[in-house]
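**Student:** Just need the structure, nothing else, for what follows:
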Amino acid sequence: MATVNFSVPDDVKAAFNATFASENKSAIIAALMREAVERAQRKQRHRQTIEHLLAAHGQAPEVSEAQFQAARDEGRP
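**Tutor:** Take a look at the predicted model:
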């Protein structure tokens, strides 16, 4: 297991220690770090998906209003 050292504001440290006084602080920090990694990975996947959709949108054929309406009406009873 690795050790991580980082600085935090004194008020954050005091609030964290008070809030989690009777809990395993290392486990809490590890869980928060996992959540941050997952959130960042989701954000990256979201960005990539948007870029993919925008690229695909740029390659879509142009359709006139009449063609659009005809395609819409075609499948209706």
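
**Student:** Tell me where the protein has helices.
**Tutor:** Under the criterion DSSP state H, the chain contains helices at 10-19, 25-58, 65-74.

**Student:** Tell me which of the ones you listed approaches Met1 most closely.
**Tutor:** Closest of the helices of the chain to Met1 is helix 25-58, at 8.9 Å (criterion: C-beta to C-beta). Glycine gets a C-beta too; all of them are placed from N, C-alpha and C.

**Student:** orientation of the closest one relative to helix 10-19 in degrees?
**Tutor:** Angle, helix 25-58 to helix 10-19, by axes from the mean of the first three to the mean of the last three C-alpha atoms, to 10 degrees: 120 degrees.

**Student:** so what does helix 25-58 touch, helix or strand wise?
**Tutor:** The contact analysis (3 or more C-beta pairs under 8 Å, 6 or more residues apart in numbering; DSSP states H and E) places helix 25-58 against no helix or strand.

**Student:** That one: how far from the chain's middle?
**Tutor:** Relative to its chain's centre, helix 25-58 lies at 4 Å (C-alpha atoms, centre = their mean, to the nearest Å).
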